[in-house]
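> sequence? don't have it. structure:
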C-alpha cells in the first residue's frame, strides 16, 4: 500500500472519529438543554398547596366541589394514569407532566417520535400522569384547565393526539393562555372529530378537575422534584445525562427480547 493510500485511510478514519464525537457532543448538549429547562418546573412544596387552593375556583369548577371523576380507561393506583399502548408491552414508560412546563415540551419534542414508534410496535406502554405544578409556582389555572381538557379528550378516545396539540401550541410559561377554556376548545379543532358538544361541556364544566388535583397530590407525595419526571419500568431516566432517544429505544427493545 502506498504512503498516499495509507494517509488517505487514516484521514478518513480520523474524519469518522470526529463526526462520531460531534454527534455524541450534540446528544449531550440536547439532553442538557432538556434537563436544564426543568429548573423552572421545580416543585415549590412550601407554596404549591396554598396557591392551588386559592386558584382552584378561578376557571371551571372547584376541585373540592365533588368526587374525583377519572377519565375513561384510566388505570393504575386510584385510576390516575392515562395509558397509551398495548397492555402486553414488556416495558412501561411513566411520565408525570404539566402542559405549561417548558421542560415537558422539550422532552416531548425530542422523544415523541421514538416513544410513538415503540408504542405502535407493541413494545412500550406509556402511562401519563397530569399535574398542576406551574399553576402553583407561577399562579394561574392553565395547568389544571389543560389537564382537564386532555382528560376530556381521553373520554373521546383522542388523548394522545390532543396531548401533542397542547405541547405544539404551548404558550410561554409566564402566560396563562391555557386558563381559557375557549382556547382549549379551539385547539381541539386540530384533532379530527374531537370538537363535540360532549367534549365542550366536559371542558367547560371542569368534569375532571378533582381527578387532576388528586393526581397532583399523588405527585407531591411521590417525592418527585419537578416535571417532567420520566420513569422506565420504575427507574428514573430523566436525569441520565447519557440518555438519548436511540438509547431509550435500545433499552426497550432489549427488554422485549428478554
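Thanks, I have it. All of these numbers come straight from a predicted model, not from anything done at the bench.
> for the stretch 151-258 of the chain, what spans make up the strands?
Assigned by DSSP state E, counting those that start in this stretch, the stretch 151-258 of the chain shows strands spanning 229-232, 235-236.
> the stretch 1-150 of the chain too?
Secondary structure of the stretch 1-150 of the chain (DSSP E, counting those that start in this stretch): strands at 82-84, 91-97, 124-130.
> who wins for proximity to residue 67 among those strands?
Residue 67 sits nearest to strand 124-130 of all those, at 17.5 Å, using C-beta to C-beta. C-beta: built from backbone N, CA, C; applies to glycine.
> tell me the mean pLDDT for the closest one?
For strand 124-130, mean pLDDT is 98.
> now for the strands of the stretch 151-258 of the chain, which one comes closest to residue 189?
strand 229-232 (29.7 Å).
> and the closest one, what does it pack onto?
Of the remaining helices and strands, those touching strand 229-232 by 3 or more C-beta pairs under 8 Å, 6 or more residues apart in numbering; DSSP states H and E are strand 91-97, helix 245-257.
> burial count for residue 110?
By the criterion of other C-beta atoms under 10 Å, residue 110 has 18 neighbours.
> do residue 225 as well
Counted with other C-beta under 10 Å, residues neighbouring residue 225 total 11.
> one step back: so of the helices and strands packed on strand 229-232, which one's packed in deepest?
Highest mean neighbour count of these: strand 91-97, a mean of 23 (counted as mean count of other C-beta atoms under 10 Å).
> what's next to it, contact-wise?
Here strand 91-97 makes contact (C-beta atoms under 8 Å, 6 or more residues apart in numbering) with 81, 104, 108, 115, 118, 123-131, 219, 222, 224, 227-234, 251-252, 255-256.
> among those residues, which ones are buried?
Using 16 or more other C-beta atoms under 10 Å as the burial test, the contacts of strand 91-97 include 81, 104, 108, 115, 118, 123-131, 219, 224, 227-232, 251-252, 255 as buried.
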